[in-house]
Structure formats: structure tokens, C-alpha cells
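[1] pasting the sequence and the predicted coordinates here, then a few questions.
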Amino acid sequence: MIQPDNNFYAVLKALHGHHLTTELILVGGWCPVVYQHHFNDEDFPVMQTQDIDLLITNPFPCIEVDLDTILTDLGFLKEFSSGGYTRYLNESLEIEFLTPEKGGTSDRPIPVKRLNVAAQALRFMDIIQRHTVIYHYFDIPLKLPHPCAFALVKLLVSKRRTGSYRDKAEKDILVATGILEYLAEHLPDVFNETEAVFADLSQKLRNEIIAILESHNPTLKYLLNGCLDKSGK
Amino acid sequence: MNASISVLINEQQRLERAVSLFSQKIGELPRGSVQLKKRAKQNFCYHVFRDESRKLKWVYLGNESSKKAAEMQKLIAKRIELEEKRKQMQRDLHQISRMLAHQ
């Protein structure tokens, strides 16, 4: 039986108290943990992380909540990253806020006054924003990316890791291919929904994904092609 | 690089950042403790701590029910809580560093 992670659960509980778990989107390393719980299968591939990344949709949610107070009341300490966006740390977790990048690359933090935090703008978060699901983590409803969208975005991000983040690229690919393989084998209906995410991508991004899979997991590329061929794409 | 090593390095970096942030916050909080002294059947609160020259200092806060004493007690409790957490993180950090060293 899958047990909840107490620290993660405490954060979700506090956010749920302000209806934030369905207003914000959980992205990043905790998503596979929630998928694993949702599909109720310990074999679902999870690579544990301590970073909780929360995506603030753009346009920003209408809800007005002081996230800074909620998190500091939970014992988190606030820190400003070198880029100027807010980060919250406690002894076991780190929380960061992201938002879809609009109008070109910028390292500047995006202040979200309604939520009293500063978010980091990142590429491809708009794809995630358009393909979400609501799954429960125990009794808490959570908005998170569709597993296929999560995996495909991980593949796209892996190619753009540079400098000190380059080491994470291999982990990204491992997590993404692990999820897609699991879905293809155990949940073909969910896997076939890759088609909808793929249809939403530009030809350039589709080619990138195919190229990554070709070099790292040709079987998966073959399966993905099959899924797209069925829909005549 | 092996993905599991990448996870460990990630956690090592997170813990290093957290320890540094916790140390900074601990430095902002008062050291020592709140002590009571009985004078003429009344309890009076003092903030007792060692200064930079390790000399014991007693700073008067007010009587037992004073706001200042309660506030000081709260801040000292917060410091102790953060110190405990930092200790745990330093232990975890040490363990991770050893694991990475053996790779």
C-alpha cells in the first residue's frame, strides 16, 4: 500500500485549505509520485525529488491568497534566488513557483501580487497549462499535467539543459521514457492521449521529441509513431 | 552521469542551500534563554546569554506576564527549533557526501 509523504501532504493540505491545489498546477518531480498513487501501482516509475514546483497559470488565477504567509506558517524559510524569484525551504522540501514564459526569454522574476510570490518564467509551461488532469493524492484533489504532457515536456526540457544543469538531462530522459513505457504497457488508453499533446506541438518540437527517442529509446519511438499513425497524423 | 548520482547531487545542493539559509535565520534570532528570578515574592524575567567575549549577560525583560518576555521566549524557541532542524540536515548532508565519495 502506498503511504503519503507526510511533509508533501502537509503542504498540499495547507494549499487545499485555500483551494490552491486546483488553481495552481503541480509540475516537476512530485508529479510521478501523484501518478503512482492515482494509478495505484508501486511499479509506476518514480524518481524521488524534494523540490515542489508549482505552476501559476497565465493569466494568473483570480484567487487572492497570501502564499508567503501560508508557507512561512508551515515552517518554511523564504529565500530569494540569484534570479530574484522566491523560493521556500524547510528541512526536507523546497518550493518554487513557475509561470509560462511569454514573449521571449527573460531571467527576470514575475511578481504575482495576488499570491504574494515572485515566479520564474519557463518555456513549455504553456503546453502543460493546456493539458492538465485532476487526480487525487489521498483526499486532496490536485491539478497536474497529463502524464503524457509531463513526459513530452521533460524530453523537450532535457535538450535545453545547459551548464551545471546538463547533468539533469539524463534524469529527465529517464523519467520521461519510464513514464511513457509504463503507460504504453499498462495503460494504452492513457498512452494514446499522447496524440492530443503531440497535435498541440509545432513540427519542430515534434521532430525534437522523435529525435531524442530515436537515440535513447527506439522502441518507444516506434510505439509513439504507431499511436500517431492511428490518428492519421 | 548516472541518474541516481544526479539525484544525490541535487539533494546535496538543496541541503547545502537550506543549511546556509537556516544558519542565516538562526543568526538573526536571540541566543540564550529566558530565566526567572524571584524578588520580593514576585518573578522577574531575564534574557540570559553569553556575549561575544563569552561573558554571561542578564538583560531584564519585565515581570512574568510581560509581553517582552513572552516574545523573547518565542524567538528563543524558534531558534532552538531551527538549530535542531539544521543539525538533522547537516547529518543528512554528511551521509550524502559520504555516499557520493564512495561512488
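    Here it is on my side, so go on.

[2] what packs against the lengthiest helix in chain A?
    Taking DSSP state H as the criterion, chain A has its longest helix at helix A:167-186. Under the contact definition 3 or more Cβ pairs under 8 Å, 6 or more residues apart in numbering or on different chains; DSSP states H and E, helix A:167-186 sits against helix A:31-38, helix A:147-159, helix A:188-192, helix A:203-216, helix A:218-230, helix B:3-28. Bear in mind the C-beta positions are built from the backbone N, C-alpha and C, glycine included.

[3] would you mark the buried spots in that helix?
    The neighbour-count criterion (16 or more other Cβ atoms under 10 Å in any protein chain shown) identifies A:167-184 as the buried residues of helix A:167-186.

[4] coming back round to it: among the helices and strands packed on helix A:167-186, which is the most enclosed?
    helix A:147-159 (a mean of 24; mean count of other Cβ atoms under 10 Å in any protein chain shown).

[5] can I get that one in CSV, CA atoms only?
    What follows is helix A:147-159 as a C-alpha-only set of coordinates in CSV (Å, rounded to 0.1, in the frame of the first residue of the first chain):
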residue,chain,number,x,y,z
PRO,A,147,1.2,12.2,-17.7
CYS,A,148,1.9,12.3,-21.5
ALA,A,149,2.3,16.1,-21.5
PHE,A,150,4.6,15.7,-18.4
ALA,A,151,6.8,13.2,-20.2
LEU,A,152,6.9,15.0,-23.6
VAL,A,153,7.8,18.4,-21.9
LYS,A,154,10.5,16.6,-19.9
LEU,A,155,12.0,15.4,-23.2
LEU,A,156,11.9,18.9,-24.6
VAL,A,157,13.4,20.4,-21.5
SER,A,158,16.2,17.8,-21.4
LYS,A,159,17.6,19.1,-24.7
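
[6] so which residues of chain B form helices?
    Using DSSP H, helices in chain B cover B:3-28, B:67-101.

[7] how much distance is there from the last one to the middle of the chain?
    The chain centroid and the centroid of helix B:67-101 are separated by 5 Å under Cα atoms, centre = their mean, to the nearest Å.

[8] what does chain B have sitting close to chain A?
    Listed as neighbours of chain A in chain B under the rule Cβ under 8 Å from any Cβ of the partner chain: B:1, B:3, B:6-7, B:9-11, B:14, B:17-18, B:21-22, B:25, B:81, B:85-86, B:88-89.

[9] what's in contact with the longest helix of chain A?
    Helix A:167-186 has contacts (Cβ atoms under 8 Å, 6 or more residues apart in numbering or on different chains) with A:29, A:32, A:35, A:39, A:41, A:43-45, A:47, A:147-148, A:150-152, A:154-155, A:157-159, A:161, A:190-191, A:194, A:212-213, A:216-217, A:219-220, A:223-224, B:1, B:3, B:6-7, B:9-10.

[10] stretch A:7-21 now?
    With Cβ under 8 Å, 6+ apart as the criterion, stretch A:7-21 contacts A:24, A:30, A:33, A:52, A:63, A:65, A:67, A:70-71, A:73-74, A:90, A:92-93, A:95, A:137-138, A:140-143.

[11] chain B next: which of the residues you listed are close?
    Checking those against chain B (Cβ under 8 Å from any Cβ), the matches are A:N90.

[12] give me the neighbour count for residue 88.
    This is for chain A. By other Cβ atoms under 10 Å in any protein chain shown, 24 other residues sit near A:Y88.

[13] think we crossed wires, I meant chain B
    Number of residues near B:Q88 (other Cβ under 10 Å) recorded here: 13.

[14] please apply the same query to A:L74.
    17.

[15] let me know whether it touches A:N90 as I believe.
    Yes: using Cβ atoms under 8 Å, A:L74 is in contact with A:N90, at 7.5 Å.

[16] tell me the contacts of A:V157?
    By Cβ under 8 Å, 6+ apart, the residues touching A:V157 are A:123-124, A:172.

[17] tell me the confidence at the residue nearest to the spatial centre of chain B?
    Of all residues in chain B, the one closest to the mean position by Cα atoms, centre = their mean is B:E83, 3.1 Å from it. pLDDT, the model's per-residue confidence, is 96 for B:E83.

[18] surely it and B:I26 touch.
    Yes: because the distance of 6.0 Å satisfies Cβ under 8 Å, B:E83 is recorded as touching B:I26.

[19] give me phi/psi at the spatially most central residue of chain A?
    What sits nearest the mean C-alpha location of chain A, by Cα atoms, centre = their mean, is A:V27, with 2.3 Å. Main-chain torsions, A:V27, degrees, to the nearest 10: phi -120, psi 170.

[20] can you give the domain ranges for chain A?
    Domain segmentation of chain A under automatic domain parsing yields A:1-145, A:147-233.

[21] make JSON lines out of these and add mean pLDDT.
    Below are those laid out as JSON lines (pLDDT from 0 to 100):
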{"stretch": "domain A:1-145", "mean pLDDT": "92"}
{"stretch": "domain A:147-233", "mean pLDDT": "87"}
